[in-house]
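Chemist: Need coordinates for the following:
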Amino acid sequence: MKATAKDLRIHSKGLLEAVSRGEDVVITFRGKPCARLVPYEKTDKPIALDNDDDLFGIWADRIDIESVEEYVQSLRKGRF
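Modeler: Modelled structure (predicted):
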């Protein structure tokens with residue numbers, strides 16, 4: 001299904017209903033496709049950690065920090 005940006009603004013409820021029925025909606029702006037509305041797929045799969053990330057394990061050698069989560073929470077206490 002195609003819809004213009006104006007259609008999205010005016011008929012957003014109808015477009016969201018179409019998406020909830022499983023349709024893909026392509027939003028066009030000035031005649032060119034610019035966005036796509038697709039049904040949300042909920043997954044129960046856990047998010048995999050990317051061990052290849054350069055920052056993974058950056059605090060592993062810190063002996064003064066036992067728990068990274070507790071340390072970050074202590075840093076944020078003053079701000080929130």
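Chemist: Give me the contacts around the worst-scoring helix or strand of the chain on mean pLDDT.
Modeler: Every helix and strand of the chain was ranked by mean pLDDT, DSSP states H and E. The lowest is helix 68-76, at a mean of 83. Helix 68-76 is contacted from outside by 59, 65, using Cβ atoms under 8 Å, 6 or more residues apart in numbering. Glycine gets a C-beta too; all of them are placed from N, C-alpha and C.
Chemist: In that helix, which residues are buried?
Modeler: Using 16 or more other Cβ atoms under 10 Å as the test for burial, helix 68-76 gives no buried residues.
Chemist: How far off centre is that helix?
Modeler: 24 Å (Cα atoms, centre = their mean, to the nearest Å).
Chemist: again with stretch 68-80
Modeler: For stretch 68-80, the distance to the chain centre is 24 Å (Cα atoms, centre = their mean).
Chemist: Now do the same contact list for residue 20.
Modeler: Here residue 20 is in contact with residue 39 (Cβ under 8 Å, 6+ apart).
Chemist: So it versus residue 37, what's the distance?
Modeler: 10 Å (Cβ to Cβ, to the nearest Å).
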